[in-house]
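S.K.: the sequence and its predicted three-dimensional model are supplied below.
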Amino acid sequence: MRPRCGTDMGLIVKTSARAIIPLIGIFGTYIVAHGHLTPGGGFQGGATIAGAGILFLVAFGLNEMRKHYNKHLYSALEGLGGLVFLGAAMLGIGTAFFYNTLWHNGPIFNGKPGTLLSAGFLPIMNLAVGLKVFTGLVSALVAIAMYRRWRS
Amino acid sequence: MKKTIAYLSLLFILGVLLYVANPNYGLKFGPGGDDWKNLRYTDDYYITHGVQEVGGTNIVTDIVFDYRGYDTIGEATVLFTAIAGAVALLRPWRGDEE
């Protein structure tokens, strides 16, 4: 018996996924937020959070994903992530593109190295890239699942 | 017969790799020693100046987002283009309804 399109998996998988998805999301958010302090960063953390979304898609099926997935919201968030990245790079345009002016003489994000509010535009860029990668990967996987062209 | 040849060739490749990877008489990558530091001065520069100039204690993030920021812009653009292409190719086409 093969699972049909749009159906969910069994009860065990769904219960485990319900318990694990928040933990994966929290871990990915931690990787993104501490990208300038610990190994990891925007790309890696965004891919981790997207893994939680893909686990939701696999465990609960496409019909459930359709209810929770908003195409316009996700494309808007992806564009917003890219624009925030470029805007953070533009902050130091008085000296050069990608000049870290927030770190050298900015009002915020210039604490001691090693604290969360340090490193200038690095936390902002990490958050923007993490948002972009998360929404982009989830959009790509939902597009592959939703518009598939093969017959089951 | 075929299997014997396959295993022998795997053994041969393993031996070649073991010989090549040996630091005493294998391949030498670069000059090594202090010459290496003179030629690859950027490594040392990032490690010693990264925290002071960019502020992040994660040197990789310092390099990726500050020293090599243009590369990251290109990477994000590649990701955006790949997803836009995937969605554009996979969406329902005209005359596709059955």
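M.R.: Here it is on my side, so go on.
S.K.: any idea which helix or strand in chain B has the lowest mean pLDDT?
M.R.: In chain B, no helix or strand scores lower on mean pLDDT, DSSP states H and E than helix B:33-39, which sits at a mean of 72.
S.K.: repeat for chain A
M.R.: When each helix and strand of chain A is scored by mean pLDDT, DSSP H and E, helix A:101-105 comes last, with a mean of 78.
S.K.: returning to that earlier point: which other helices and strands contact the following helix or strand past the least confident helix or strand of chain B?
M.R.: Using DSSP states H and E, the next helix or strand after helix B:33-39 towards the C-terminus is helix B:41-53. Packing partners of helix B:41-53 (3 or more C-beta pairs under 8 Å, 6 or more residues apart in numbering or on different chains; DSSP states H and E): helix B:59-62. Using the backbone N, CA and C atoms, a C-beta is placed for each residue, glycine as well.
S.K.: CA-only coordinates of the helix or strand just after the helix it packs on in CSV, if you can.
M.R.: Going down the chain from helix B:59-62, the next helix or strand is helix B:69-90, by DSSP H and E. Taking C-alpha atoms only, helix B:69-90 is exported to CSV below (Å, rounded to 0.1, in the frame of the first residue of the first chain):
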residue,chain,number,x,y,z
GLY,B,69,30.6,40.6,1.6
TYR,B,70,30.2,40.8,-2.2
ASP,B,71,30.6,37.0,-2.4
THR,B,72,27.7,36.7,0.1
ILE,B,73,25.5,39.0,-2.0
GLY,B,74,26.2,36.8,-5.0
GLU,B,75,25.4,33.7,-3.0
ALA,B,76,22.0,35.1,-1.8
THR,B,77,21.3,36.2,-5.4
VAL,B,78,22.1,32.6,-6.6
LEU,B,79,19.7,31.2,-4.0
PHE,B,80,16.9,33.6,-5.0
THR,B,81,17.4,32.9,-8.7
ALA,B,82,17.4,29.1,-8.1
ILE,B,83,14.1,29.3,-6.1
ALA,B,84,12.5,31.6,-8.6
GLY,B,85,13.5,29.3,-11.5
ALA,B,86,12.3,26.2,-9.6
VAL,B,87,8.9,27.8,-8.9
ALA,B,88,8.6,29.2,-12.5
LEU,B,89,9.4,25.8,-14.0
LEU,B,90,7.2,23.7,-11.6
